[in-house]
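Q: need a 3D model of the sequence below.
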Amino acid sequence: MAASRLEKEVEFSAAFDALVGLLRPLESRLAVKADEPGNYMTETRAPSYRGKPMMFASVASKSYVAFHFFPVYLWPEMLDAISPELRRKMQGKTCWNFRRVEPELFSELQRLVQDGLQRYETAGYL
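A: Numbers count the residues shown, from 1 in each chain. Here you go, the predicted model:
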């Protein structure tokens, strides 16, 4: 049986919350540019690229929950080790789309987030 609209909304909400949960522990090191239902965005605190803060990651919810992760623009090799399952979720170069919580894939994204944070720090963006 197909999931009801309410069930889908609950799944989307849970996925959004779980993906935002990957970023909340970084709030002491990153600036939160947006934190509202369906939209969460982080960036560097200080100007670090052409006089502007650099985006780090964002989560947005529309017909799916999108996790945008900007460090892979600078270091595309970060994607070399991702699983085929996570790669199938990619839309474009820095975005993954989800409709529900997927613990294994979210754990993989968590590792990417930590790697990206370390790379931003090493590059002097934090």
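
Q: quick check: mean pLDDT of the one helix or strand M41 maps to?
A: Assigned by DSSP states H and E, M41 falls within strand 39-43. Strand 39-43 shows a mean pLDDT of 94 in the predicted model.

Q: what's it packed up against?
A: Applying 3 or more C-beta pairs under 8 Å, 6 or more residues apart in numbering; DSSP states H and E, one finds that strand 39-43 contacts helix 5-23, strand 31-36, strand 55-61. No exception for glycine: its C-beta is placed from N, CA and C like everyone else's.

Q: touching that strand from outside, list them.
A: 16, 20, 23, 26-27, 30-35, 53-61 (C-beta atoms under 8 Å, 6 or more residues apart in numbering).

Q: switch to 10 Å and redo it
A: Defining contact as C-beta atoms under 10 Å, 6 or more residues apart in numbering, one finds that strand 39-43 is touched by 16-17, 19-21, 23-24, 26-27, 29-35, 52-62, 67-68, 70, 113, 125.

Q: which of the helices and strands packed on strand 39-43 sits closest to P47?
A: Closest of these to P47 is strand 31-36, at 11.1 Å (criterion: C-beta to C-beta).

Q: which residue sits closest to K62, ignoring its sequence neighbours?
A: G38 (7.7 Å; C-beta to C-beta, 6 or more residues apart in numbering).

Q: for that neighbour, give me its contacts.
A: Counted by C-beta under 10 Å, 6+ apart, G38 has contacts F12, S13, F16, V59, A60, S61, K62, V65.

Q: out of the residues you listed, which comes closest to R119?
A: Taking C-beta to C-beta as the measure, R119 lies nearest V59 of the contacts of G38, at 19.9 Å.

Q: ramachandran coordinates for H68?
A: phi -100, psi 130 (degrees, to the nearest 10).

Q: that one is in contact with M90, isn't it?
A: No: using C-beta atoms under 10 Å as the test, H68 is too far from M90 to be in contact (11.0 Å).

Q: coming back round to it: the residue nearest to K62 and L23, how far apart?
A: For G38, the distance to L23 equals 15 Å [C-beta to C-beta, to the nearest Å].
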